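Engineer: Sequence plus predicted model, see below.
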Amino acid sequence: MTYSEEVAKVLNNLLTRNYDAAAGYGLAAEKVRSPRLKHFFTHQEQERYKFGHELKKEISNYGETPDKGTSWQGDTHRTWMNIKSTLLSNNEETILEEAIRGERTAVKEYNSIIMENTLPPSTKNMIATHRNNILNALTRVNNERELAS
């Protein structure tokens, strides 16, 4: 596997994660009643969509083809989130908990990629910016969960 293929593989994994996150946030925005939460989830959906475009551009810069679509795992998670929010009476709290879980997983994945020494500084900087925005979103979701409790 060439260097550009290796980098594209790593970036495509993040791209798929962001597709999944955008779709999950879109579902969350549909399920909540609170205008504040709707706005937050919609904003996060748009931000992840933007991250996806940045990752696609970076992958293309390496001469590789970006992946398209969500993952099976992401699709399954959204289905489970949909079922849980339908069955449980306090669905906003459940949705917030799922968002927290997803963001924690994303931060771990981003951190492991940032620690790789094989990525060029410009790519690492882009990924670090995404990770920092995700950390801010995680803080906000935690705050929203505290308010909902």
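Structural biologist: The structure has been received and is ready for your questions. Numbering: from 1, shown residues only.

Engineer: Quick test: name the residue nearest the centre of the chain.
Structural biologist: The centroid of the chain falls nearest to A21 when counting by C-alpha atoms, centre = their mean (3.5 Å).

Engineer: which ones are touching that one?
Structural biologist: With contact taken as C-beta atoms under 8 Å, 6 or more residues apart in numbering, A21 is in contact with Q44, R48, G74, G102, A106. Just so you know, the C-beta spots here come from the backbone N, C-alpha and C atoms, and that holds for glycine as well.

Engineer: Go through the residues you listed and name the one nearest N143.
Structural biologist: Q44 (13.7 Å; C-beta to C-beta).

Engineer: Mind telling me what element the closest one is part of?
Structural biologist: Q44 is part of helix 35-61, with elements assigned from DSSP states H and E.

Engineer: quick revisit: what two of the contacts of A21 have the greatest distance between them?
Structural biologist: It's Q44 and G74 that sit farthest apart of the contacts of A21, by C-beta to C-beta, at 14.6 Å.

Engineer: So for these two, which sits in the more crowded spot?
Structural biologist: Q44 (24 against 20; other C-beta atoms under 10 Å).

Engineer: Chain neighbours aside, what residue packs nearest to the more buried one?
Structural biologist: Y25 (4.4 Å; C-beta to C-beta, 6 or more residues apart in numbering).

Engineer: For H43, see how far away that neighbour is.
Structural biologist: Using C-beta to C-beta, to the nearest Å, Y25 is found at 8 Å from H43.
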